[in-house]
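S.K.: could you work out the structure for the sequence below:
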Amino acid sequence: MPPVSQTVTVGSDVTLRCDATTDERERQRLKISWLANGEEIDTGSQQANVAQDNRDMSLKITHARIDNTGDYTCNASNELDWDAVTVRLTVRGINSRRFRCSYTRTLQWTSSEL
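M.R.: Residues are numbered from 1 along each chain as shown. Alright, predicted model coming up:
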(Lines give C-alpha, C1' and ligand atoms only; values in the text may rest on other atoms or scores of the structure.)
Protein backbone atom coordinates (compact mmCIF):
# COMPACT_ATOMS: atom_id res chain seq x y z
CA MET A 1 0.00 0.00 0.00
CA PRO A 2 1.57 3.32 -1.01
CA PRO A 3 1.77 6.21 1.43
CA VAL A 4 -1.16 8.63 1.33
CA SER A 5 -1.26 12.41 1.67
CA GLN A 6 -2.38 13.62 5.08
CA THR A 7 -3.45 16.78 6.87
CA VAL A 8 -2.85 16.90 10.62
CA THR A 9 -2.87 19.39 13.48
CA VAL A 10 0.27 20.69 15.18
CA GLY A 11 1.37 18.24 17.90
CA SER A 12 -0.10 15.15 16.20
CA ASP A 13 1.89 12.00 15.53
CA VAL A 14 2.02 10.97 11.86
CA THR A 15 3.04 7.72 10.17
CA LEU A 16 3.79 7.65 6.45
CA ARG A 17 3.90 4.06 5.22
CA CYS A 18 5.97 2.71 2.36
CA ASP A 19 5.58 -0.91 1.34
CA ALA A 20 8.14 -2.27 -1.10
CA THR A 21 8.55 -5.79 -2.33
CA THR A 22 11.15 -7.51 -4.45
CA ASP A 23 11.93 -11.06 -5.45
CA GLU A 24 13.49 -13.33 -2.86
CA ARG A 25 17.04 -13.07 -4.22
CA GLU A 26 17.04 -9.26 -3.97
CA ARG A 27 15.35 -8.92 -0.59
CA GLN A 28 18.65 -8.41 1.29
CA ARG A 29 19.59 -5.60 -1.10
CA LEU A 30 16.29 -3.73 -0.76
CA LYS A 31 16.89 -0.23 0.59
CA ILE A 32 14.29 2.32 1.64
CA SER A 33 15.10 5.99 2.05
CA TRP A 34 12.92 9.02 2.67
CA LEU A 35 13.21 12.55 1.32
CA ALA A 36 11.48 15.70 2.57
CA ASN A 37 11.09 18.36 -0.11
CA GLY A 38 13.79 16.64 -2.17
CA GLU A 39 16.36 16.47 0.64
CA GLU A 40 17.34 13.19 2.28
CA ILE A 41 16.06 12.93 5.84
CA ASP A 42 18.63 12.28 8.55
CA THR A 43 16.48 9.84 10.50
CA GLY A 44 19.33 9.17 12.92
CA SER A 45 19.42 12.71 14.26
CA GLN A 46 18.60 13.01 17.94
CA GLN A 47 17.20 16.49 17.39
CA ALA A 48 14.78 15.55 14.63
CA ASN A 49 11.19 14.62 15.31
CA VAL A 50 11.30 12.28 12.31
CA ALA A 51 12.45 8.66 12.43
CA GLN A 52 12.35 5.66 10.11
CA ASP A 53 10.89 2.49 11.59
CA ASN A 54 13.12 -0.28 10.25
CA ARG A 55 10.52 -2.96 10.91
CA ASP A 56 8.06 -1.68 8.32
CA MET A 57 10.10 1.13 6.67
CA SER A 58 7.49 3.71 7.62
CA LEU A 59 8.39 7.28 8.47
CA LYS A 60 7.21 8.47 11.88
CA ILE A 61 6.86 12.13 12.75
CA THR A 62 6.22 12.81 16.42
CA HIS A 63 4.67 16.03 17.68
CA ALA A 64 4.29 17.43 14.15
CA ARG A 65 5.33 21.03 13.65
CA ILE A 66 4.32 23.51 10.96
CA ASP A 67 7.80 23.14 9.45
CA ASN A 68 7.11 19.42 8.89
CA THR A 69 4.68 20.45 6.12
CA GLY A 70 5.97 19.36 2.73
CA ASP A 71 6.39 16.64 0.14
CA TYR A 72 7.72 13.31 1.43
CA THR A 73 9.18 10.78 -1.00
CA CYS A 74 9.75 7.11 -0.28
CA ASN A 75 12.55 5.66 -2.43
CA ALA A 76 12.86 1.88 -2.75
CA SER A 77 15.80 0.37 -4.59
CA ASN A 78 17.79 -2.80 -5.06
CA GLU A 79 20.48 -3.92 -7.49
CA LEU A 80 17.95 -4.35 -10.30
CA ASP A 81 15.41 -1.54 -10.07
CA TRP A 82 14.04 1.37 -8.11
CA ASP A 83 10.72 3.11 -7.51
CA ALA A 84 9.54 6.18 -5.66
CA VAL A 85 6.28 7.68 -4.48
CA THR A 86 5.67 11.18 -3.12
CA VAL A 87 2.91 12.36 -0.81
CA ARG A 88 2.02 15.71 0.74
CA LEU A 89 1.92 16.27 4.49
CA THR A 90 0.14 19.40 5.66
CA VAL A 91 0.47 20.43 9.31
CA ARG A 92 -2.01 23.06 10.37
CA GLY A 93 -1.94 25.25 13.44
CA ILE A 94 -4.58 25.11 16.12
CA ASN A 95 -7.43 27.50 15.47
CA SER A 96 -6.38 30.50 17.52
CA ARG A 97 -9.98 31.63 17.99
CA ARG A 98 -10.55 28.69 20.32
CA PHE A 99 -7.96 30.12 22.67
CA ARG A 100 -8.82 33.80 22.45
CA CYS A 101 -8.72 35.50 25.77
CA SER A 102 -9.32 39.03 26.82
CA TYR A 103 -7.71 41.06 29.52
CA THR A 104 -9.25 44.10 31.13
CA ARG A 105 -7.45 46.33 33.53
CA THR A 106 -8.92 49.28 35.26
CA LEU A 107 -6.56 52.18 35.55
CA GLN A 108 -6.79 54.47 38.50
CA TRP A 109 -5.62 57.99 38.05
CA THR A 110 -4.15 59.85 40.92
CA SER A 111 -3.09 63.39 40.95
CA SER A 112 -0.03 64.55 42.67
CA GLU A 113 0.73 68.13 43.34
CA LEU A 114 4.24 69.41 43.50
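
S.K.: longest strand of this protein?
M.R.: strand 82-92 (DSSP state E).

S.K.: residues contacting that strand, please?
M.R.: 2-10, 12, 14, 16, 18, 20, 61, 64-77 (C-beta atoms under 8 Å, 6 or more residues apart in numbering). Placement of C-beta: from N, CA and C, glycine included.

S.K.: ok, now stretch 18-38?
M.R.: Against stretch 18-38 from outside (C-beta under 8 Å, 6+ apart): 1-3, 16, 40-41, 43, 50, 52, 56-59, 68, 70-81, 83, 85.

S.K.: the same query, at a cut-off of 6 Å, please.
M.R.: 1, 3, 41, 57, 59, 70-79 (C-beta atoms under 6 Å, 6 or more residues apart in numbering).

S.K.: buried only: go through the residues you listed for me.
M.R.: Pro3, Ile41, Met57, Leu59, Gly70, Tyr72, Thr73, Cys74, Asn75, Ala76, Ser77, Asn78 (16 or more other C-beta atoms under 10 Å).

S.K.: pipe those residues into JSON lines and attach secondary structure per row.
M.R.: As requested, these are exported to JSON lines (DSSP: H, G, I helix; E, B strand; the rest coil):
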{"residue": "Pro3", "secondary structure": "coil"}
{"residue": "Ile41", "secondary structure": "coil"}
{"residue": "Met57", "secondary structure": "coil"}
{"residue": "Leu59", "secondary structure": "strand"}
{"residue": "Gly70", "secondary structure": "strand"}
{"residue": "Tyr72", "secondary structure": "strand"}
{"residue": "Thr73", "secondary structure": "strand"}
{"residue": "Cys74", "secondary structure": "strand"}
{"residue": "Asn75", "secondary structure": "strand"}
{"residue": "Ala76", "secondary structure": "strand"}
{"residue": "Ser77", "secondary structure": "strand"}
{"residue": "Asn78", "secondary structure": "coil"}
